[in-house]
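> got a sequence here, can you model it:
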Amino acid sequence: MPEGQSSYEVSQGRQRSVFLRSFADDSFELTATDHIPTDPTEWITTVRVVRDGSSVHTSVELSMSSDDLALRVSVGRPRIVHELLDASKRPHLGASRILQEHLSVPENGIGILTDLLANQDRTLPVIVCAEPAHSKDDTWLLLAAKIAARAEGIATVVTISDSAAAAFKSEFGSLAIWDGGVRIYAPGSVTKESEGWRHRYYVRSRVESAKQQTIDRIVYSVAQLSARRRVPEVFRIFGHQSEVPSGTPDGMVPESELLSAQERWEFDLEVARDEQSALERELSSANGHLARLKAALIDGGHADLLWGTEHEELTSIPDSVQYTSEAAMAAQAYLSEWLTLPDSAIRELEDVDSAPEAYNWGNKTWRGLRALAAYAEDRAGGWDKGGFWEWCASGPLLGWPATTKKLSMTESESVQNSDKLKRARIFKIDRAVHGSGELKMLAHLKISEGGGSLAPRVYFHDDTGGPTKKVHIGLVGPHYLVPNKSTN
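Numbering: from 1, shown residues only. Model prediction:
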């Protein structure tokens, strides 16, 4: 292939533009851009190869951009990843060997699995699939094979028989997997004393009732972890990544694209500055409160309470999460006394969890859910000076910003006057609140002002003065599920 830019006609009307840059020591970077002239979607595959003595380091990045912000795509390893791994003798990522198929671990080999999970140098997530009890066919193995194929290169997939699952449970307790379930063990050391909620568990009933959706969610979650992985130092010879396509001759791009990017960056910068100012005010207030609390505890002879609560414990409510779906699961696990969040409220978070803002959005969602639970708890404790907005405005420790940019207690007239838009805001709810099991919810948390139609929203109903004494969540999902006139 010649150095520089090349163009090719590919199958089904696709056009491919390839840009090749070579470096010393048998290192090169290849960027292939695929698009169809009538399609607003563009795919970019970047392959970087560095030869280091007897080893070859290879990086593959796949990105997609489209004018259709609600476009759904199926995430999985590119074919080139499979071909490169096929050509490798012993591919690995750090201390983790990369497997191309699922690994079957027998009952007498469970020690291999527990050692793998306990390895603190493990860099790949491990997906364990258990045989269903009284299984009569190999359907569960087909599911594991599909997961392994789509997660090739970014996760290790392990299968265990029913008897092996029993042995695993005796070793790992409640953090194990059994009876047709699937569990994702995050990178790092995992033992039976680890926090279970950090390692997502899909029970057999969910796997069997929604196989494709479950596979998608599993692959999305490990892909999201892969997307946040730090680029190894060996690839720094290619320079830092930027939004200017690697294949652009001399770094030149059309002026219209630069102006569009500039407008987007300026908007994002303005939003970031507003959020930074708000966070600095909150941090100053929290630090002042902490200093006064510290002084009071020390004066009262309770310094041990101060330092004893500096770090979260395994059984305490977590301080942070990794992404939005994890925030929802943590709320179900830790906030259920004051917050009701049914599975039906958690919708279409795959793209949210794999977006560049995933960590930011996830922790803002977690903060919002904790605020709603804290509000319900305070209401039960006697606070009666208004609703959620007034509670937040009073400056509670776990409050949410009481601003129109972050919180709305109702919807605009244009939404309320549209039957179509109102229907999008009817969600499942406890029948103790409404006998039909459904209710229109207008109050919502705005997790992010930017982010377009993908930015998460949390819709809720305040029943703290009703029979359940709780806040009920109707939706944790992307903005496009609850459109308004502007997003339409």
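> which parts of the chain are helices?
Along the chain, the stretches classed as helices by DSSP state H are 79-86, 110-118, 139-150, 162-172, 204-209, 211-227, 255-299, 303-308, 324-334, 350-353, 358-380, 388-393, 413-416, 419-423.
> below-threshold pLDDT in the stretch 251-400 of the chain: ranges please.
Low-confidence segments of the stretch 251-400 of the chain, defined by pLDDT under 70: 251-253, 306-316, 356.
> one more pass at 90, please.
Residues of the stretch 251-400 of the chain that meet the criterion pLDDT under 90 lie in 251-323, 325-326, 333, 349-360, 395-397.
> center of the chain - which residue?
The centroid of the chain falls nearest to Asp353 when counting by CA atoms, centre = their mean (2.7 Å).
> and the closest residue in space to that one that isn't next to it in sequence, its phi and psi?
Spatial nearest neighbour of Asp353, chain neighbours left out: Tyr323 (4.2 Å); criterion: CB to CB, 6 or more residues apart in numbering. Using the backbone N, CA and C atoms, a C-beta is placed for each residue, glycine as well. Phi and psi for Tyr323, reported as degrees, to the nearest 10, are phi -160, psi 180.
> domain map for the protein?
Per automatic domain parsing, the structural domains of the chain span 4-68, 93-227, 253-311, 318-481.
> now those in CSV, with distance to Ile237?
Below are the domains of the chain laid out as CSV (distance: least, CB to CB, whole Å):
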stretch, distance to Ile237
domain 4-68, 6
domain 93-227, 19
domain 253-311, 23
domain 318-481, 24
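> quick check: which of the ones you listed is nearest to Leu85?
domain 93-227 (5.5 Å; CB to CB).
> for Val234, find the nearest of the domains of the chain.
For the domains of the chain, proximity to Val234 was assessed by CB to CB; domain 4-68 is nearest, at 4.9 Å.
> the closest residue to Arg379 other than its chain neighbours: how many residues sit nearby?
Setting aside the residues directly before and after it, Arg379 is nearest to Thr464 in space (CB to CB, 6+ apart), at 4.0 Å. Applying other CB atoms under 10 Å, we find 23 residues neighbouring Thr464.
> Thr464 is in contact with Trp383, isn't it?
No - Thr464 lies out of contact with Trp383 (CB atoms under 8 Å); the separation is 9.4 Å.
> okay, now the residue nearest to Asp353: neighbour count?
With other CB under 10 Å as criterion, Tyr323 counts 26.
> quick one, what contacts it?
By CB atoms under 8 Å, 6 or more residues apart in numbering, the contact list for Tyr323 reads Ser221, Gln224, Leu349, Val352, Asp353, Ala358, Tyr359, Trp361, Gly362.
> can I get these in a markdown table with distance to Ser285?
As requested, the contacts of Tyr323 are arranged in a markdown table below (distance: CB to CB, whole Å):
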| residue | distance to Ser285 |
| --- | --- |
| Ser221 | 35 |
| Gln224 | 33 |
| Leu349 | 31 |
| Val352 | 29 |
| Asp353 | 31 |
| Ala358 | 28 |
| Tyr359 | 24 |
| Trp361 | 24 |
| Gly362 | 24 |
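> which of the residues you listed sit farthest apart?
Across those, the longest distance by CB to CB is 14.4 Å; it joins Ser221 and Trp361.
> ok, Pro232 to Gly94 distance?
Using CB to CB, to the nearest Å, Pro232 is found at 9 Å from Gly94.
> quick one: His102 and Ala148 touch, right?
Yes - with contact defined as CB under 8 Å, His102 reaches Ala148; the gap is 4.3 Å.
> can you get me a residue count around Arg229?
For Arg229, using other CB under 10 Å, the count is 13.
> I misspoke; the intended subject was Arg198.
By other CB under 10 Å, 18 other residues sit near Arg198.
> just Pro37 next, same as before
Burial of Pro37 is recorded as 7 neighbouring residues (other CB under 10 Å).
> and if you look at Phe172?
23.
> what about it, distance to Ser7?
Using CB to CB, we find Phe172 at a distance of 54 Å from Ser7.
> would you reformat the helices of the chain as JSON lines and include distance to Thr38?
Shown next, in JSON lines, are those (distance: least, CB to CB, whole Å):
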{"stretch": "helix 79-86", "distance to Thr38": "24"}
{"stretch": "helix 110-118", "distance to Thr38": "48"}
{"stretch": "helix 139-150", "distance to Thr38": "28"}
{"stretch": "helix 162-172", "distance to Thr38": "50"}
{"stretch": "helix 204-209", "distance to Thr38": "38"}
{"stretch": "helix 211-227", "distance to Thr38": "27"}
{"stretch": "helix 255-299", "distance to Thr38": "19"}
{"stretch": "helix 303-308", "distance to Thr38": "64"}
{"stretch": "helix 324-334", "distance to Thr38": "34"}
{"stretch": "helix 350-353", "distance to Thr38": "24"}
{"stretch": "helix 358-380", "distance to Thr38": "31"}
{"stretch": "helix 388-393", "distance to Thr38": "48"}
{"stretch": "helix 413-416", "distance to Thr38": "33"}
{"stretch": "helix 419-423", "distance to Thr38": "29"}
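> between those helices, which one is closest to Leu407.
Proximity of those to Leu407 was assessed by CB to CB; the nearest stretch is helix 388-393, lying at 6.4 Å.
> Thr214 is in contact with Arg206, correct?
Yes - taking contacts as CB under 8 Å, Arg206 lies within contact range of Thr214: 6.2 Å.
> for Arg423, give me the pLDDT.
Note for Arg423: predicted pLDDT of 92.
> hey, what's in contact with both of His102 and Ala148?
Counting by CB under 8 Å, 6+ apart, the residues touching both His102 and Ala148 are Val157.
> ok, now how distant is the closest residue to Thr468 other than its chain neighbours from Ala371?
Nearest residue to Thr468, sequence neighbours excluded (CB to CB, 6+ apart): Ala432, at 5.4 Å. Computed as CB to CB, the Ala432 to Ala371 distance reads 23 Å.
> do Asp343 as well
To Ala371, Asp343 is 22 Å away according to CB to CB.
> these two - which one has more neighbours?
Just comparing Asp343 and Ala371: by other CB under 10 Å the higher neighbour count belongs to Ala371, 23 against 11.
> separation between the spatially closest residue to that one that is not a sequence neighbour and Leu258?
Excluding the flanking residues, the one nearest Ala371 by CB to CB, 6+ apart is Trp400, at 4.0 Å. Trp400 sits at a distance of 37 Å from Leu258 (criterion: CB to CB).
> again, but for Thr191
Distance from Thr191 to Leu258, by CB to CB: 51 Å.
> before we move on, what about Glu101?
For Glu101, the distance to Leu258 - CB to CB - is 46 Å.
> Trp400 and Leu258: which is more packed in?
Using other CB under 10 Å as the criterion, Trp400 and Leu258 rank with Trp400 on top: 25 against 12.
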